[in-house]
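Colleague: the following block contains a protein sequence and its predicted model.
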Amino acid sequence: MEKNNKKIMTGNQAIARGFYEAGGLVASSYPGSPTVEILESVQSYPEVDAHFSTNEKVALETAIGASFAGVRAMVSMKHVGVNIAADPLMTFTQTPVRGGFMIVSGDDPGMNSSQNEQDNRNMAKFANMAVLAPADSQEAKDYTEIALEISETYAMPVMLQITSRVCHGRCLVEVGERKEAIKEEFPRDVPSYAMIPPNTLDKQYAMKDRLERLAEGPEVEVLNRIEKEENAKTLIITTGLPYFQLKELGELDVPVAVLKLGMAYPLPKTWLQQQVENYEKILVVEEMTPFIENELKLMGIPCKGKEYFPFTGELSQEVLSNGLRKAGLLKENAEKEVEASAEDTSVTPRPPLFCAGCPHRPVFDILKKSKVMVNNDIGCYSMGLFPPFEASHSLISMGATIGISSGMLKANRKAGRDIPLVSVIGDGTFFHSGMPGMVNLLNHLHPEDNLTILILDNGTTAMTGGQKNASTGKRLPEKEKHVEITQLVEAMGIEDVQTLDQFQYKKTSETVKKAIATPGLSVLVMTRPCALHFKIKEPVYHVDPEVCIGCRTCIKTNCPPLRMKGYEGQEKMKSSIDPAMCVGCSICAQVCPVDAIKRREGGEQNETN
Amino acid sequence: MKPINVMIAGIGGQGLVMTTELICQAAFLEGYEIKSNDVIGLAQRGGRVWGSVRIGEKVLSPDIPLGEGDILIGVEPLEALRWKDNMKADAKVVLNRHQVYPTNVQQEKEPYPDELIQQMLEAFDSLELDALLEARKCGNEKAANTLMIGCVSRFLPVSEENWMEAIRRTYPEKVHEVNEKAWRKGKELAEE
């Protein structure tokens, strides 16, 4: 793929390449959009140990251990993962880092695939660490190498903050050779690496000192640059992808100089003060919070930013040009805003839906029909919130459902209400952070509290692309070590634990409804694996229009191959199944009240899906 | 040279990310600079996915400036319709006829916008085809996107040789032949 040492890479692939070339030896992660592909790409370099961990905290701890041991380590996660990992991070950051340590935070301005939009530059500042913010794949690779260097030079963890578009965007990247970078083994240096008082007192000063040194260090001119413009009285300070969006707009109606910051924290005060000297007006163009704007103001550099540009969402070229118009730098159509996106938003939306053969489908069909209150967790089953199911009532964060249901039960009990609750959680999320919520139920629940926990054990971390988790092993052709969820839950002191194959619709429906109607705690483990990663190879189904009564019970399961259509000789619309999409899971046939849906005779299998 | 802007629209599971990769590889082999982007939503399947590839001597943003799209590859018709306003008046459109209903249409809350799609086809220099069927004839319907690239290949500054090389670099070996065949078939269909 090489041509003049250049390759096409996504931002994610480029980070992996940078880590490889910088001699990285241990990479860890918990999968989350937009950074899933980083670790998967590192796995293509056999020199590096690259594994997904059970959650971001364990992933970060793994990288800490590797760094302690004197090798370069990287841990990648989506922005909210840093919350899970924050506990070890906030303490580890106090230690003098040995092997270069980089944490990648995949931020998601505009929330294409996330439950919130948190700007993790703030987290990095909180943790007294530097932040580098690449604008394209080339920078993603370069900054990875620089981040690891900085980490070792200043004995500090470094954050690479990358946004979804830079993660998934491609450009040409110059590649080079790998250089090994192993340090001597971990010494016994308790004051430096055991963070217990009074060892921690000096560390507060050390953290302050290293940031101040970096702000004056030679890296400042490597990572930050100014593009001067003749007669410019305005300076735009920008970082990340908005830099390229700004350049794409071409010449503005007023001459402007552009200062691009590759290092979003710490800001190089001395250097910046020199750069801004000759400008009358300083404008900050950054996505999400006014992070740089506030830092500049703290330094006494007057500037404007969020007065013109939104504090949330992506700074697309359109959004950017609207802000520049408000700021008086673009004059054309000064009075009117352009559309914020080229997309025609009047076209009906297309939310994601459960795949054909998805084991979550019967579960949410049953929950919808049960009209019960459901606290949801994070995974593909989040889609149970969407029409036509609309079965779930809440969704907050990874592993939260059991704790939330527990609190709700307490509140209802004290308030004199008797409301049965259901918590839904997947295997990956259960291992990630659902287990403490389950253990916490011990001695918290009263006998009259009615909680049904559905563990949807589909054997994979499905939503992020089917990564392995602790439940995967038993489903592989050559069985690997795995955790039996049923045994685990029983060991937590829970008596009513049942396993169910949710493709036995009637039995599952009866069991779920019984559990909901019975006070006490029931745990139902649903065992059908993910249809995308463990393919169903069954004969496809078809609708007999003579028998179909057009009741739409099957349609309401939202299976992709199903649709209503007109048949010749039939007055009413009847259901139909696209054989190219059907995988033969049989759920539609099982919910049909008149047995109008049948297996195709001859047992033709659909292998394309 | 101003960049050539290609827009691809479809749904999760239709292989769009590989398709943008293929176009990038081909343009790269031809010696151009590229930037691309794929916007993928929550889940693996079923939701909308769209991508852009920009090909030129110098490319800054991976995103197509408003209304500057040159080529629209619609792997699903309704998804292509979303982006019609981002296309130049003389844009080329290739559209796979195969409809996949979004939930609102499946649940009969809204009709499938057949008329609007027809209007879009008439407004541009368009080619509509059943790409799945044509690709199946070549040996595998998964090569449908490559076939559609073949359809618009004469508007892209890449030689046939480099397209073939790009296919070999992008896809696993067992599907090289079917993709090569599908690309040529697409080119042929567009010439007819």
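Modeller: The structure has been received and is ready for your questions.

Colleague: which residues does the residue in the stretch 351-500 of chain A that chain B sits nearest to contact?
Modeller: Ranked by CB to the nearest CB, the top residue of the stretch 351-500 of chain A for proximity to chain B is residue A:352, at 3.2 Å. Every residue, glycine included, has its C-beta placed from N, CA and C. Shown in contact with residue A:352 (CB atoms under 8 Å, 6 or more residues apart in numbering or on different chains): A:383, B:12, B:41-47.

Colleague: just residue A:501 next, same as before
Modeller: Residue A:501 neighbours (CB under 8 Å, 6+ apart): A:507-508, A:526-528.

Colleague: quick check: phi and psi at it.
Modeller: Dihedral angles phi and psi of residue A:501 (degrees, to the nearest 10) take the values phi -100, psi 110.

Colleague: how much space between it and residue A:588?
Modeller: Distance check for residue A:501 against residue A:588: by CB to CB, to the nearest Å, it reads 17 Å.

Colleague: do the same with residue A:135
Modeller: From residue A:135 across to residue A:588, the span is 48 Å (CB to CB).

Colleague: ok, now residue A:70?
Modeller: Applying CB to CB, the value for residue A:70 to residue A:588 is 58 Å.

Colleague: check residue B:60 too.
Modeller: Distance from residue B:60 to residue A:588, by CB to CB: 49 Å.

Colleague: measure stretch A:379-393 end to end?
Modeller: 15 Å (CA to CA, to the nearest Å).

Colleague: does chain B have contacts with it?
Modeller: Yes. Using CB under 8 Å from any CB of the partner chain, stretch A:379-393 reaches chain B at A:380, A:382-383, A:386-388.

Colleague: next, the buried residues of that stretch.
Modeller: Under the neighbour-count criterion of 16 or more other CB atoms under 10 Å in any protein chain shown, stretch A:379-393 has A:379-386, A:388-389, A:391-392 buried.

Colleague: which among those gets closest to residue A:332?
Modeller: Using CB to CB, residue A:386 is the member of the buried residues of stretch A:379-393 that sits closest to residue A:332, with 40.7 Å.

Colleague: sticking with the closest residue to the closest one other than its chain neighbours, tell me its helix or strand.
Modeller: In space, and not counting its chain neighbours, residue A:386 is closest to residue A:351: 5.1 Å by CB to CB, 6 or more residues apart in numbering or on different chains. Using DSSP states H and E, residue A:351 sits in no helix or strand.

Colleague: who touches residue A:92 in this structure?
Modeller: Contacts of residue A:92 (CB under 8 Å, 6+ apart): A:60, A:64, A:101, A:157.

Colleague: could you do residue A:127 as well?
Modeller: A:86, A:89-90, A:93, A:157, A:159.

Colleague: mind putting these in JSON lines, distance to chain B included?
Modeller: Below are the contacts of residue A:127 laid out as JSON lines (distance: CB to the nearest CB, whole Å):
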{"residue": "A:86", "distance to chain B": "24"}
{"residue": "A:89", "distance to chain B": "27"}
{"residue": "A:90", "distance to chain B": "30"}
{"residue": "A:93", "distance to chain B": "32"}
{"residue": "A:157", "distance to chain B": "29"}
{"residue": "A:159", "distance to chain B": "23"}
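
Colleague: of those, which belong to strands?
Modeller: Taking DSSP state E as the definition of strands, these contribute residue A:159.

Colleague: please read off the pLDDT at residue 31 from the model.
Modeller: Since no chain was named, I'll use chain A. pLDDT for residue A:31: 97.

Colleague: try chain B instead
Modeller: 97.

Colleague: count of neighbours near it?
Modeller: Using other CB atoms under 10 Å in any protein chain shown, residue B:31 has 12 neighbouring residues.

Colleague: do the same with residue A:418
Modeller: By other CB under 10 Å, neighbour count at residue A:418 equals 10.

Colleague: is it true that it touches residue A:412?
Modeller: Yes. Contact criterion CB atoms under 8 Å: residue A:418 and residue A:412 qualify, at 7.1 Å.
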